[in-house]
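Peer 1: please find the sequence and the predicted model below.
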Amino acid sequence: ITQNGGLIVAAIDALPDKKAFGAKFVSLLLGGEIAPIFAPQGDEITQFAHYYAARKKLVLASEVPDQLGEACANFHEVIQVIEHFIQFAEAEKEDLSWESFQRFWKKEQALQISRLTPENVLKVTSRTTEVPLEELLGAKRHWASIEARRLAVYFLRQRCQCSYNEIGRLFNRSHSSIILLFQQAEVMLRQEQRFQKRLLQIDQWFSSAAPALDYQERGVKGYGQSI
């Protein structure tokens, strides 16, 4: 929320405990001030993972909290991952060992990347085209980068049903430039088998998330229909 320019509003119906929240923070709340909220750092996430495991009385391998400190962005993700790990271990009839967590984590990562989200579309497009993600989202005019952007924009529009404005925010580009990329993708889809093949490769990552598009048929008949 805060990274996108939003604000978190806290309303209280009683005087907050200064010992629990800290006198300075309580003073800011009572004065109606804006208090900055910072994302936890890796060592704080690791400490929280140790704390949560202890509170749940889990016999958790010591390496697991360290891994969570590197992989998770916040405390909520830590809780989710640990709970999913417990479910995995129970289903596999294993203990909460490091070896078991590694097997779980490999499956979890594969599941996450297969979810049809705009962020995953960008990652999979980057992998498929071998164009680094920062270059895909950047301003370089290399042919490979341009083709990758067209693939991503077309896929985001068709499969994720993203608006041009939503795609523009992902790429930090204007609404009109995204429309142009989409139109160029439609032309390439009609004329270039390589482009069709790349779209099919990206589509295979998400085949379980939504019905696949018939790109060859759309390439012949669909130019301009989706604008």
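Peer 2: Alright, I've got the coordinates.

Peer 1: other residues contacting the one helix or strand residue 84 maps to?
Peer 2: Residue 84 belongs to helix 75-92 when assigned by DSSP states H and E. Residues outside helix 75-92 that contact it (CB atoms under 8 Å, 6 or more residues apart in numbering) are 40, 45, 48-49, 52-53, 56, 58, 60, 64, 68, 71-72, 94-96, 100-101, 103-104, 107-108. From N, CA and C alone the C-beta is placed, and that goes for glycine too.

Peer 1: do that again at 7 Å, thanks
Peer 2: 40, 45, 48-49, 52-53, 68, 72, 95-96, 100-101, 104, 108 (CB atoms under 7 Å, 6 or more residues apart in numbering).

Peer 1: helices or strands next to the strand or helix carrying residue 49 in the packing?
Peer 2: Under the criterion of DSSP H and E, residue 49 resides in helix 42-55. Under the contact criterion of 3 or more CB pairs under 7 Å, 6 or more residues apart in numbering; DSSP states H and E, helix 42-55 touches helix 63-71, helix 75-92.

Peer 1: before we move on, the earlier item: of the contacts of helix 75-92, which is the most crowded?
Peer 2: residue 68 (27 neighbours; other CB atoms under 10 Å).

Peer 1: contacting residues around that residue?
Peer 2: 45-46, 49, 78, 81.

Peer 1: any chance of CSV for those, columns pLDDT and distance to residue 143?
Peer 2: What follows is these, written out as CSV (pLDDT from 0 to 100; distance: CB to CB, whole Å):
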residue, pLDDT, distance to residue 143
45, 91, 40
46, 92, 43
49, 93, 44
78, 91, 42
81, 92, 40
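
Peer 1: most widely separated two among the residues you listed?
Peer 2: 46 and 81 (12.7 Å; CB to CB).

Peer 1: show residues contacting the helix holding residue 49.
Peer 2: So helix 42-55 is contacted by 60, 65-66, 68-70, 72, 75, 78-79, 82 (CB under 7 Å, 6+ apart).

Peer 1: swap in 8 Å and give it another go.
Peer 2: 40, 60, 64-66, 68-70, 72, 74-75, 78-79, 82.

Peer 1: now do the helices in the chain.
Peer 2: For the chain, the helices defined by DSSP state H occupy 18-21, 23-30, 42-55, 63-71, 75-92, 98-114, 118-129, 133-136, 143-158, 164-171, 175-191, 193-205, 215-221.

Peer 1: need the phi and psi values for residue 138.
Peer 2: phi -90, psi -160 (degrees, to the nearest 10).

Peer 1: would you agree it is in contact with residue 145?
Peer 2: Yes - under the criterion of CB atoms under 8 Å, residue 138 makes contact with residue 145 at 7.3 Å.
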